[in-house]
Structures are given as C-alpha cells and as structure tokens.
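# 3D model of this:
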Amino acid sequence: MQITDSKGRTQEEFLAEYDRTAYDRPSYTADNLLFADNGDGLAVLMIKRGGHPFLGEWAIPGGFVNPGECAEDAAKRELGEETGIEVDTEQLVTVSTPGRDPRGWTVSTCFMGLLPEPIAPAAGDDASDAKWFSIDYLASGDVYKLILKSGEEIATTELKLVRGADGKIDINRSEILARGGIAFDHAKIIIYAVESL
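Numbering: from 1, shown residues only. You can find the predicted model right below:
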C-alpha cells in the first residue's frame, strides 16, 4: 500500500508535478578560518581578492560549492586552490545574513582549523595574494574594531555585535558598519571564530 497525500498523489506523482522554481534558492559557499600561533599571538590566513566583488580586499579563503560536491569537500578544495595549503578543518557555523554578498543571496558554511604555527601560503586561483594576519580588536560597548596586520599591510573593520541571551555572538544579526579592507562580512566571522576557540 502506497501512502498518498491530501490530493491522492503518491510521492512519485508529487515529485513529477513539483515545480523546482517555486522557491528562490541561495548560492551556497564554503569558507575557511585557518588560525595559527605566530609567536606573538593568534594569526588568521587571508587571501587578497583578485576579482570583483571587493577586488583587492582581504577575505577568508573560500568559494562556491560545485554541483554534486559537499561543503566539506568544497572548503578543502577552495583552501588548496587559493592558498596551496591542505589541512583538515571542522564545521563552525553557517552564515545566512540577507545581503551579505552583493552578487545575490548567498549562504556559507564556515570551517575552522587551528595550526601550531603558520604554513607558508601560495596564492592561486582567484586570490592575488595570501598572508597570515595578526588579530587584534578593540571594543566600546557593542561596537568593535577588528584590526588585521601583516607587515605593513593593515585591514580594519568596524562592526556592531549583537549577542544572544547565552552571550554568544549572533552572527546573522550583527552588522558591518565600515569594512575598511576586509571583504564581505568576514570580520564578523573572524571574531565569532576567535571567541569560539
């Protein structure tokens, strides 16, 4: 006996009639937060974007998940393509804030890894450079300023962090006030990850 829905359709009949275009769909990306002890504290691996959007700004390594690919594999592939580094990471958080990518609705699963020391990156694919940046941030109430430094290179972002009742950052309700060289909403993701360590 086959189970039918309120219209008398079997699952096969329902799927044959189903309109896959009835709902908008986001693009799906996978991003990597790779941290290491640089001797003076915590450092994060960043890539310089070689294309639009945010051309020339610093971002965490990542990119679009290909059809038939899981997010874990996409994260590992993107990390290797953009930095030449191959390490295992673990899923940290999914970010789905509306408007986080000017190309359209984009949801990202972020992965995190922690190394005992930095591995020298080699920029590739759509990254024009890859570097380790020391991490510092200043707080004034709920307004934070994230400061990333690598030699003479400095990138800063000002953001307003919203916290839940548990004290953890609500990454989808926090907002970027001024990007200052850090692409997308990656400053929020970096601070979220640092507080998760």
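
# tally of neighbours for residue 97?
The local packing of residue 97 (other CB atoms under 10 Å) involves 18 other residues. Every residue, glycine included, has its C-beta placed from N, CA and C.

# assign it to helix, strand or coil.
Put simply, residue 97 is coil when judged by DSSP: H, G, I helix; E, B strand; the rest coil.

# OK, contacts around the closest residue to it other than its chain neighbours?
Once flanking residues are discounted, residue 97 sits nearest to residue 172: 4.6 Å by CB to CB, 6 or more residues apart in numbering. Contacts for residue 172 (CB atoms under 8 Å, 6 or more residues apart in numbering) come out as 95, 96, 97.

# wait, what's in contact with the residue lying closest to residue 95 once chain neighbours are set aside?
Nearest residue to residue 95 in three dimensions, chain neighbours excluded: residue 108, at 5.0 Å (CB to CB, 6+ apart). By CB under 8 Å, 6+ apart, the residues touching residue 108 are 28, 29, 30, 31, 62, 94, 95, 96, 100.

# rerun at 6 Å
29, 31, 95 (CB atoms under 6 Å, 6 or more residues apart in numbering).

# kindly report the same for residue 132.
Residue 132 touches 43, 45, 118, counting by CB under 6 Å, 6+ apart.

# give me the pLDDT for it.
We have a pLDDT of 98 for residue 132.

# only alpha carbons, please: show the strand or helix carrying it as PDB.
Element membership of residue 132 [criterion: DSSP states H and E] is strand 127-140. C-alpha atoms of strand 127-140 as PDB (Å, rounded to 0.1, in the frame of the first residue of the first chain):
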ATOM      1  CA  ALA A 127      43.400  35.000  -5.000                       C
ATOM      2  CA  SER A 128      46.100  37.600  -5.900                       C
ATOM      3  CA  ASP A 129      47.900  37.200  -2.600                       C
ATOM      4  CA  ALA A 130      47.700  35.100   0.600                       C
ATOM      5  CA  LYS A 131      49.100  36.100   4.000                       C
ATOM      6  CA  TRP A 132      48.900  35.400   7.700                       C
ATOM      7  CA  PHE A 133      47.500  38.400   9.700                       C
ATOM      8  CA  SER A 134      47.800  39.000  13.400                       C
ATOM      9  CA  ILE A 135      44.400  39.600  15.000                       C
ATOM     10  CA  ASP A 136      43.500  42.400  17.400                       C
ATOM     11  CA  TYR A 137      40.200  44.100  18.200                       C
ATOM     12  CA  LEU A 138      39.000  46.900  20.400                       C
ATOM     13  CA  ALA A 139      35.600  47.100  21.900                       C
ATOM     14  CA  SER A 140      33.400  50.100  23.000                       C
END
